Structure formats: C-alpha cells, structure tokens
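Student: Requesting a structural model of the entry that follows:
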Amino acid sequence: MPPRAIEALLAEDAAAASQLLDARVSDGLIASEAGFFRLRLGQMTRDPSLQEWLIRAVVLRESRAAVGHAGFHGKPGTNGKQDPEAVELGYTIYDPYRGRGLATETAAALIDWASKEHGIRRFIVSIAPDNEPSLAIARKLGFVQTGEQWDDEDGLELVFELEA
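Tutor: Below is the predicted model:
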C-alpha cells in the first residue's frame, strides 16, 4: 500500500483509497485499526524503502473488494527473535470474509514473494494462544512452534518459525 492510500484510508476517504488501491474499499474499513495504519505510515515516511515490506491490501480477484491487509513487521531482522535472516509476517482478514482460506492464501503469497524477490528462507509468526484460526494457518503452512514471547500490546504470543 502506498502512503497516499493509507492516508486516504485514515481520512476515511473510501473513493480515493479505492482508486489508489484499484479495489473496492468500504467506508470505515480500517476504523478499528487506525493506530496500526498510522504506525505503518510513519515508518514508511521515515524510511521509504520499507514500503514493499510493511503493508499490502488483500483484495478479492473477482469483485476487487478490499477484505483485509497483510505484510511483514519490516525488513529482515525486524522480528521478535531479532534473527537477521528472518522476516515476521502478519495478516488480517475482515468479517465477513473469514473462514474462506484467504489468510492462508495471503500468508503463502507473502512467503513466496519474500523467497523469490529477496531470497528469504526463514519466516516467523507470533500468535495469541487463543487465536485458533491463526494457529491453524501456521500449522497448515508448516510453521513449527519454537517458543513464546510477551508483547506489550498483544500480551502472550506463541512464536512459530518456518524454514522455506
């Protein structure tokens, strides 16, 4: 997502966001996540090279509806384990689009992109212990739990890794 699209989403300008993302963006799409989007926008503003890593719109092919977002926590090395060779990914699919395999497809696409474009071979996901849908996605993609960590925003998280 380019910074201008994030700015439009934060301004709740669905028409501008739709045009910039070549997607159908509903009003108030990110209202509950405005802080997260402001954080990512600030990171991109300070370091434009982060744009390709931080946040992407998840858009349905047929309807062009924006149904979520996904990306990495940053460039390789920006992860809970501080592993310089790994990237940590995250994804959000909005209701009512959950349960259709979109998060799994999205996570797999992120892994494929990072592998092909940047030669990344190690991937990390951090998941709340009670987030069964995300735990299922991690297992489905072959991630293995390697530990746990405390996140000041999200609390206890289980850490999973994948060697691609």
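
Student: can you list the domain ranges for the protein.
Tutor: Following automatic domain parsing, one finds the domains of the chain at 1-67, 73-164.

Student: so can I have JSON lines of the ones you listed showing mean pLDDT and mean neighbour count?
Tutor: Where you see a C-beta, it was placed from the backbone N, CA and C, and this is true even at glycine. Formatted as JSON lines, the domains of the chain follow (pLDDT from 0 to 100; neighbours: other C-beta atoms under 10 Å):
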{"stretch": "domain 1-67", "mean pLDDT": "96", "mean neighbour count": "16"}
{"stretch": "domain 73-164", "mean pLDDT": "95", "mean neighbour count": "16"}
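
Student: What ranges does the protein have for its strands?
Tutor: For the chain, the strands defined by DSSP state E occupy 56-59, 66-72, 86-93, 122-127, 144-151, 155-163.

Student: packing partners for the helix ranked longest in the chain?
Tutor: The helix that spans the most residues within the chain, counting by DSSP state H, is helix 102-118. Judged by 3 or more C-beta pairs under 8 Å, 6 or more residues apart in numbering; DSSP states H and E, helix 102-118 is in contact with strand 56-59, strand 66-72, strand 86-93, strand 122-127, helix 132-140.

Student: before we move on, the earlier item: of the strands of the chain, which approaches Arg24 most closely?
Tutor: When the strands of the chain are compared by C-beta to C-beta, strand 66-72 sits nearest Arg24, at 6.5 Å.

Student: show me the contacts for the residue most central in space within the chain.
Tutor: Of all residues in the chain, the one closest to the mean position by C-alpha atoms, centre = their mean is Ala70, 2.3 Å from it. By C-beta atoms under 8 Å, 6 or more residues apart in numbering, Ala70 lies in contact with Ile55, Arg56, Val58, Leu89, Gly90, Tyr91, Thr92, Ala103, Thr106, Ala107, Leu110.
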